[in-house]
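J.: my questions concern the predicted model and sequence given below.
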Amino acid sequence: MLLRESSTSENGAAQVTAVTSEDGLGSGVPHGDILTQLVNATLGDNLSELERARQAVVDELGMDGLIDAAGIIATFTMQNRVADATGLPLDAPMELGSRGFREDLGVNQFQAASYIKRGGWGRALLAKIIEPLMPTIMRLMARRKKPTP
Amino acid sequence: MTEKIATEFSNIYEPFNVRQDLIDAHEEVWANLGRPGTWLTAAEKVAIAAETRAAQDCTLCRKRKEALSPYAVEGVHDSISELDPARIDAIHRIVTDPGRLSRRLITDLADQGITDVEYVELLGVIMMTMDIDMFHRAVGIPPLPLPKPQPGEPTRQRPTQLSDIGAWLPVLSTRDPLAKELFNNAIRVSNVALGLSLVPEMTRDQVTLIESQYVPLSQIASTVSSGRAITRAQMELIASRVSALNECFY
């Protein structure tokens, strides 16, 4: 969802469903394919592919780009497992506001999706109302200021 | 942090021109791996970190990953530590097959006398090890030697204000003053940031890594770029692809 909103605010909506495709390519995000190839190779086991993917990122986005990309790969390697190993539910607004989107992405096929408590028709109706409003809700949330300690 | 660790990270990261805040974060988290924790000794933590690395080449885990059910294949893990079999099995499952974990993992550990807080600290140690190793792999730095375990006893302090957010384990209540400190007074704390909070010291390391490698907690809901070398859309693309490959629903 953050991918959809951030790409919309930067240069036009990304083809979000690309991320769950076989190779993950074709998102439309600038330099997206070389970054996706870096992810594929880092999580894979072909070292020469990893070497090539790294060099492509350095050539296109510089060493700083590689460092920041590596930081995101590391962060989500950690965050995915924290969520999966503790059975964390999606935050309620995100769960309600992303039902159709998750279906489009195909992530409802993942085993962890079966742990979601979807609720009855009331929640389904609420989800129908909230989902179209999610981009606006996220923009408003982003504008809220951090309180002074 | 120890002087030795600081020198190691600065020297290793120098050719890659790594940001200072990232060097500081990795030094701090790596040094903490070698210190006594809340429920585990430093030696236990370092053994868990070593086992985390060993799991990635485990033959049994490879067979299980190919099986229709994660509990269908019996066998012995390719282990390198003296940890008990229950902990070894949990580490290997979390490392190699995260998308098919279930509550059974925690109940099986509880049957062996391993408490919820011990599980969360074990998970936290796996996470910190995998995070920094994965960063090094992506950049092209060989895995660092694990820190030398420091002497001392675990503090054994369980938070008192807990809440049930529907996860398999309780988490720290966001009303607890400790939560405000841990999450830098963020207005809203997402569930994933609370995952390790039954052991607040693990959350402290988790937040240190998130804020230096991704974005500050207060900016997660924002969709604008945050002064990194790649745009926010590029960051989210990477995050989404990692999650898809890990079959992470979250």
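T.: Now that the structure is in, tell me what you want to look at. Numbers count the residues shown, from 1 in each chain, chains lettered A, B, ... in the order given.

J.: residues in contact with B:Thr174?
T.: B:Thr174 makes contact with B:Ser163, B:Phe183, B:Val189, B:Leu194 under the criterion CB atoms under 8 Å, 6 or more residues apart in numbering or on different chains. All C-beta atoms are positioned from the backbone trio N, CA, C, and that covers glycine.

J.: again, only using 6 Å
T.: For B:Thr174, the contacting residues are B:Val189, by CB atoms under 6 Å, 6 or more residues apart in numbering or on different chains.

J.: tell me the spacing between the residue nearest to B:Asn17 when sequence neighbours are not counted and A:Thr86.
T.: Of all residues not flanking B:Asn17 in the chain, A:Met63 sits nearest, at 5.5 Å (CB to CB, 6 or more residues apart in numbering or on different chains). For A:Met63, the distance to A:Thr86 equals 35 Å [CB to CB, to the nearest Å].

J.: same check, this time on A:Ser7
T.: For A:Ser7, the distance to A:Thr86 equals 30 Å [CB to CB].

J.: can you tell me which helix or strand the nearest residue to B:Pro143 once chain neighbours are set aside belongs to?
T.: With CB to CB, 6+ apart as the criterion, B:Pro143 has its nearest non-adjacent residue at 5.4 Å, and that residue is B:Asp133. In this assignment (DSSP states H and E), B:Asp133 forms part of helix B:116-139.

J.: just how off-centre is the longest helix seen in chain A within its chain?
T.: Counting residues, the longest helix found in chain A (DSSP state H) is helix A:47-86. Between the centre of helix A:47-86 and the centre of its host chain there is 14 Å, according to CA atoms, centre = their mean, to the nearest Å.

J.: ok, which stretches of chain B are strands?
T.: Along chain B, the stretches classed as strands by DSSP state E are B:162-163, B:171-172.

J.: any chance of those strands in CSV, plus mean pLDDT and distance to B:Thr223?
T.: CSV is the format used below for the strands of chain B (pLDDT from 0 to 100; distance: least, CB to CB, whole Å):
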stretch, mean pLDDT, distance to B:Thr223
strand B:162-163, 96, 29
strand B:171-172, 97, 26
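
J.: can you list the ones you listed in CSV and add mean neighbour count and distance to chain A?
T.: Formatted as CSV, the strands of chain B follow (neighbours: other CB atoms under 10 Å in any protein chain shown; distance: least, CB to the nearest CB, whole Å):
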stretch, mean neighbour count, distance to chain A
strand B:162-163, 14, 13
strand B:171-172, 24, 8
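
J.: B:Asp97 is nearest to which of the ones you listed?
T.: Among those, strand B:171-172 comes nearest to B:Asp97, with 23.7 Å by CB to CB.

J.: could you list the paired strands of that closest one along with their orientation?
T.: strand B:162-163 (antiparallel) (DSSP bridges).

J.: which residues are in contact with the strand it pairs with?
T.: Looking at strand B:162-163 with CB under 6 Å, 6+ apart, the contacting residues turn out to be B:Pro170, B:Ser173.

J.: and that strand, how far from the chain's centre?
T.: For strand B:162-163, the distance to the chain centre is 21 Å (CA atoms, centre = their mean).

J.: kindly report the same for stretch B:214-230.
T.: So, by CA atoms, centre = their mean, the centroid of stretch B:214-230 is 21 Å from its chain's centroid.

J.: how about stretch B:144-160?
T.: Counting by CA atoms, centre = their mean, stretch B:144-160 is centred 14 Å from the centre of its parent chain.

J.: quick one: contacts of that stretch?
T.: For stretch B:144-160, the external contacting residues (CB under 6 Å, 6+ apart) are B:33-40, B:42-43, B:46, B:49, B:117, B:172.

J.: looking at these, which two lie furthest apart in space?
T.: Greatest spacing in the contacts of stretch B:144-160, by CB to CB: B:Ala43 and B:Leu172 (26.7 Å).

J.: quick check: pLDDT value at residue 103.
T.: You didn't say which chain, so I picked chain A. According to the prediction, A:Glu103 has pLDDT 72.

J.: wait, I meant chain B there
T.: The pLDDT attached to B:Arg103 in the predicted structure is 94.

J.: kindly report the same for B:Thr7.
T.: 67.

J.: what does A:Ser9 give?
T.: 68.

J.: then the one 4 residues further on?
T.: Predicted confidence (pLDDT) for A:Ala13: 76.

J.: tell me the secondary structure at it.
T.: Classification of A:Ala13 by DSSP: H, G, I helix; E, B strand; the rest coil places it in coil.

J.: leaving out the residues flanking it, which one is nearest to it?
T.: A:Ser7 (5.7 Å).

J.: and after the host helix or strand of the one you found, which helix or strand comes next?
T.: In this assignment (DSSP H and E), A:Ser7 forms part of helix A:2-10. Sequence-wise, the next helix or strand downstream of helix A:2-10 (DSSP H and E) is helix A:32-43.

J.: can you list the neighbours in contact with that following helix?
T.: Here helix A:32-43 makes contact (CB under 6 Å, 6+ apart) with A:24-25, A:49-50, A:53, A:56-57, A:60, A:69, A:73, B:137-138, B:234, B:237-238, B:241-242, B:245.

J.: please report how far the closest residue to B:Trp168 other than its chain neighbours lies from A:Arg52.
T.: In space, and not counting its chain neighbours, B:Trp168 is closest to A:Gly87: 3.6 Å by CB to CB, 6+ apart. Noted for A:Gly87: a distance of 38 Å to A:Arg52, by CB to CB.
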